[in-house]
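Q: got a sequence here, can you build the structure:
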Amino acid sequence: MGDVYALLTAVCWSFAVILFDLSSNRLSPLQINIVKNSFGVIGFSITIFILSIPYPSFSNYDLIVLIISGIVGVGIADLFFLESLKKIGSSLSAVVGTIYAPSIFIIAYILFKETITLNTYFGSFLVLGGIIISTYNSPKTKKSSKLYKGIVYGALAQILTAISVLSVKPIMADNPILYVALIRFGIGLLSTIAFMIFRSGIVNLFITFKEGYRNLFLMGGSFFGTYLSVILWLAGYKYTLAGRAAIYNQLSTILISIMAVLFLKEEMTRKKKIGILLSFFGAIIVSVK
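A: Prediction:
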């Protein structure tokens, strides 16, 4: 089931990105990040209450790892990603995002001695190649300093995300996923709120929540992108190999391209068609155990 969870993560995140794109431009990326993460924390808490899931017996070490994972993966990594997106745009960000899967491969091997089969490597090559072909546009007008900084921020975001999720993989083996998600996103949310208050003041925080929770597209994106996709994302890493989960997760880029054509009326170019086909066949190859 781990492969299915990882694939569903990509589907949910793809819906979320389209909804975020359809949402109002009145909020900055940082504000959107705070709203969607707060929605997730509320959603995780309500689900735990409704299902009466007992609090797990986290050790002190587990709690320290979860807190660090939340700060690094939800706080710092998200801010790096948003800064990268601002500097280099979505197309090049998608290309930089392909660093995520190799990072998972390497870190999973270092931490867990996890090995990847030959067909997974080959399928991964096709998936990542398809993403690059379908999303990359030459950054002709960007200054080199801005371009390099954006790439560095984007790469760091992917690496820190990989480290943060793999650091909690052993904890998820014996504990409910929802509590892992709640603590990580709760800590990450608090660190992001602290950053906003320090940078913009508490009044801007109140405006963020007031405007954010009135936006139906943002609420829909938060439901799919933070609540559902995070649960599925963590479940994927809990029940399958980290490398396989990472490749399925990265299919979200291709799904976003397809949904952008269907819902945002973007053009389906020949380059996009080739990239989608390559990634589709790559995912099939990865799925063969």
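Q: wait, residue 39 touches residue 215, no?
A: No: counting by CB atoms under 8 Å, residue 39 sits too far from residue 215 to count as a contact (11.0 Å). (Each C-beta comes from the backbone N, C-alpha and C, glycine too.)
Q: hmm, who's touching stretch 279-289?
A: Contacts to stretch 279-289, defined as CB atoms under 8 Å, 6 or more residues apart in numbering, come from residues 3, 7, 117, 119-120, 122-131, 134, 244, 247-248, 251, 254.
Q: pLDDT of it, averaged?
A: The average of the pLDDT scores along stretch 279-289 is 75.
Q: correct me, but residue 68 touches residue 167?
A: Yes: between residue 68 and residue 167 there is a contact under CB under 8 Å: 7.3 Å.
Q: nearest residue to residue 267 other than its sequence neighbours?
A: Leaving aside its sequence neighbours, residue 267 sits nearest to residue 261 (CB to CB, 6 or more residues apart in numbering; 7.3 Å).
Q: in contact with the one you found, which residues?
A: So residue 261 contacts 267-268, 272 (CB under 8 Å, 6+ apart).
Q: in TSV: those, plus pLDDT.
A: Listed next are the contacts of residue 261 as TSV, based on pLDDT from 0 to 100:
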residue	pLDDT
267	74
268	75
272	77
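Q: which members of the residues you listed are positioned in helices?
A: In helices, defined here by DSSP state H, the members of those are residue 272.
Q: among the contacts of residue 261, who's most crowded?
A: In terms of neighbours by other CB atoms under 10 Å, the contacts of residue 261 top out with residue 272 at 20 neighbours.
Q: now it: how far from residue 168?
A: 35 Å (CB to CB, to the nearest Å).
Q: how about residue 118?
A: Relative to residue 168, residue 118 is positioned 29 Å away (CB to CB).
Q: neighbour-wise, which of those two wins?
A: The neighbour comparison of residue 118 against residue 168 (other CB under 10 Å) goes to residue 168, with 25 against 8.
Q: measure the closest residue to that one other than its chain neighbours to residue 177 for me?
A: Of all residues not flanking residue 168 in the chain, residue 69 sits nearest, at 5.1 Å (CB to CB, 6+ apart). Per CB to CB, residue 69 is found 13 Å from residue 177.
Q: which residue sits farthest out from the middle of the protein?
A: The centre of the chain is farthest from one residue, residue 203, which by CA atoms, centre = their mean lies 28.4 Å away.
Q: only alpha carbons, please: show stretch 273-281 as PDB.
A: Provided in PDB are the C-alpha atoms of stretch 273-281 (Å, rounded to 0.1, in the frame of the first residue of the first chain):
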ATOM      1  CA  LYS A 273       3.700  15.700 -24.100                       C
ATOM      2  CA  ILE A 274       7.100  14.000 -24.500                       C
ATOM      3  CA  GLY A 275       7.900  14.700 -20.800                       C
ATOM      4  CA  ILE A 276       4.600  13.400 -19.600                       C
ATOM      5  CA  LEU A 277       5.000  10.100 -21.600                       C
ATOM      6  CA  LEU A 278       8.600   9.600 -20.300                       C
ATOM      7  CA  SER A 279       7.500  10.100 -16.700                       C
ATOM      8  CA  PHE A 280       4.500   7.900 -17.200                       C
ATOM      9  CA  PHE A 281       6.600   5.000 -18.500                       C
END
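Q: got the buried residues for it?
A: 275-276, 278-279 (16 or more other CB atoms under 10 Å).
Q: put together TSV for the residues you listed, with secondary structure on each row.
A: What follows is the buried residues of stretch 273-281, written out as TSV (DSSP: H, G, I helix; E, B strand; the rest coil):
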residue	secondary structure
275	helix
276	helix
278	helix
279	helix
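Q: state the pair within those that is farthest apart.
A: The most widely separated members of these, counting by CB to CB, are 276 and 278 (7.4 Å).
Q: common neighbours of those two, please.
A: residue 130.
Q: tell me which element residue 286 falls in.
A: Counting by DSSP states H and E, the element that carries residue 286 is helix 270-287.
Q: in stretch 15-29, which residues are buried?
A: Residues of stretch 15-29 classed as buried: 15-21, 23, 27 (neighbour count, 16+ other CB under 10 Å).
Q: next one: stretch 174-187
A: The neighbour-count check on stretch 174-187 (16+ other CB under 10 Å) flags 175, 177-187 as buried.
Q: could you give the average pLDDT over it?
A: 94.
Q: can you check stretch 214-226 too?
A: For stretch 214-226, the per-residue pLDDT values average out at 91.
Q: name the element residue 211 belongs to?
A: Counting by DSSP H and E, residue 211 is part of helix 202-212.
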